[in-house]
Each structure stands twice: as C-alpha cells, then as structure tokens.
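>>> give me a 3D structure for the following:
(2 chains)
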Amino acid sequence: MELEALQEINPEVEKLGARILVLTPELERYTRALHQRLNLAFDILTDLHQKTAEQFGLVFELPDYLRELYQSFGSTLDRFNDEPQYRLPMPARYVIDQQGIIRAADVNADYTIRTDPSETLSALRNIAVAK
Amino acid sequence: MAKLQDRLNEFKRNFESGGPPYKAPREAIETMHRATAELKASGAEGRAIKVGERAPSFTLFNQDHAEVNSAELLRQGPLVVSFFRGHW
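You can find the predicted model right below:
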C-alpha cells in the first residue's frame, strides 16, 4: 500500500524536482517482479543485508515467537533477503534535501501506521520554497 | 482514492476480524500485537536517524541491476526514501 501511495504522488514529486527511491532487503529477483507487477515509475533498490537500513538505525530482529508464527504461515524471509536472521527495517519514509540533510523523518514501529504522502509533499514544497 | 491510513485501517480491520484471504487466527493476531508493542517499548524508533541529521549515502542495485548512487541523485534534486520490508 505504501508503494501504491507513493506511485500516486510521484507525478507531483517529479514536478517538485525530486525523486522517490524505495529500499528493501529483498533480492533483485523479487524487486524486479514487484516493480513490474505494480508498474512503478520509480526504482526499488535492494539494500543487500540491510546495510543502509542499519546506517539509518532502522533494523530490528524479530523475536523468536514471531519468527515461528511467520514460518507457520509459510513465510521464508531468510530466502527473500539472503540472510539467516529474521531481521527487518522499521517502515520509514525520509525526505532528504540536496545538502544531504534529512528534512522529514517518519518512522513507526507499528507497521500499520503510515504518514500520509501529502505530508511528504509538504516537506518537499518547503525545501523548494527555502531555495 | 482514499487516504493511505484509511486504506491501512480497512485492511487491518478485515485482517483482525479474521476476514479473507488471510483468515488469521486470534492467537496469531495477538502475537503480532505483542511483537509490535515490544518493539515500540524498546525505544527502537528513537534510535533511527532524525530530522536535521545527515543522511547516510548509499550505492545499491535497482530492479534492473543498474547501480544507483544517492549522492549523484542528490545533485539533481531532493530524495524521498522509503524503507519497505518486502512483498511477503
């Protein structure tokens, strides 16, 4: 749903001279399929072994009981991400200005809560105005 | 189109009432709630980088195996970077 929502704001993001990037721990064979299926206008990057998510301070390890639950659903996270640990990034959306400074940061440990993309557009507009 | 959070809420309502296609058992939902609550209580959100800090730069492969460098793209304009846990 995050990806579809970003797709909806992408034309406006581009009008503001900005660009969307999605980072996921999943390997390229999965990102390629997802990119095609959703017909995305922006890139999905494979953050192999979550090195970049680690630098952003987003990675957490799933507790054993949750890992067991996902495995009972048939989920094989280790295969998608090429790592034995069950680790994930917290969902997060950042706006970064051209100086490399973070201008908006939406991080939520609860993956069912997301900031509306309109707020991301506002952050981009503020950068454009400040220029 | 409904707002993102409205769509998420609708998904969550259906999922947590055991609706199709997942038909999640009550126990599973409680386990997931517990994990989310623990993660929240651990203060993990506060350890993520914040507004005003410098974003780490990265060079990663996209879906077509082309290299994408964040510093190069920032020369052209601001970036919206979304961390997505995956399609599973």
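>>> which stretches of chain B form strands?
B:59-62, B:67-69, B:79-83 (DSSP state E).
>>> redo those as JSON lines? Include mean pLDDT and mean neighbour count.
Where C-beta positions appear, they are placed from N, C-alpha and C, glycine not excepted. As requested, those are arranged in JSON lines below (pLDDT from 0 to 100; neighbours: other CB atoms under 10 Å in any protein chain shown):
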{"stretch": "strand B:59-62", "mean pLDDT": "98", "mean neighbour count": "17"}
{"stretch": "strand B:67-69", "mean pLDDT": "98", "mean neighbour count": "13"}
{"stretch": "strand B:79-83", "mean pLDDT": "97", "mean neighbour count": "23"}
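>>> a markdown table for the ones you listed, including distance to chain A?
Listed next are the strands of chain B as a markdown table, based on distance: least, CB to the nearest CB, whole Å:
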| stretch | distance to chain A |
| --- | --- |
| strand B:59-62 | 4 |
| strand B:67-69 | 6 |
| strand B:79-83 | 4 |
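>>> roughly how far does A:Gln85 sit from A:Leu45?
21 Å (CB to CB, to the nearest Å).
>>> higher neighbour count, the two?
Shown here are A:Gln85 and A:Leu45; by other CB atoms under 10 Å in any protein chain shown, A:Leu45 has more neighbours (25 against 14).
>>> in the sheet, who's paired with the closest residue to the more buried one other than its chain neighbours?
Nearest residue to A:Leu45 in three dimensions, chain neighbours excluded: B:Leu60, at 4.0 Å (CB to CB, 6 or more residues apart in numbering or on different chains). B:Leu60 has these beta-bridge partners by DSSP bridges: B:Val68.
>>> element containing A:Val95, please.
Element membership for A:Val95, per DSSP states H and E: strand A:92-96.
>>> report the rounded mean pLDDT for the very next helix or strand once past that strand.
Toward the C-terminal end, the helix or strand that comes next after strand A:92-96 (DSSP H and E) is strand A:102-107. Across strand A:102-107, pLDDT averages out at 96.
>>> now do stretch A:41-54
96.
>>> give me the buried positions along that stretch.
For stretch A:41-54, a neighbour-count test (16 or more other CB atoms under 10 Å in any protein chain shown) marks A:42-48, A:50, A:52-53 as buried.
>>> again, but for stretch B:9-26
B:15-16, B:24.
>>> report the angle between the strand holding A:Val95 and strand A:102-107.
Here strand A:92-96 points in a direction 180 degrees away from that of strand A:102-107 (axes from the mean of the first three to the mean of the last three CA atoms, to 10 degrees).
>>> chain center to strand A:92-96, what's the gap?
9 Å (CA atoms, centre = their mean, to the nearest Å).
>>> equivalent analysis for stretch B:34-53, please.
The chain centroid and the centroid of stretch B:34-53 are separated by 13 Å, computed with CA atoms, centre = their mean.
>>> which parts of that stretch are buried?
For stretch B:34-53, a neighbour-count test (16+ other CB under 10 Å) marks B:35-36, B:39, B:44-45, B:48-49 as buried.
>>> those in helices, which ones?
B:35-36, B:39, B:44-45 (DSSP state H).
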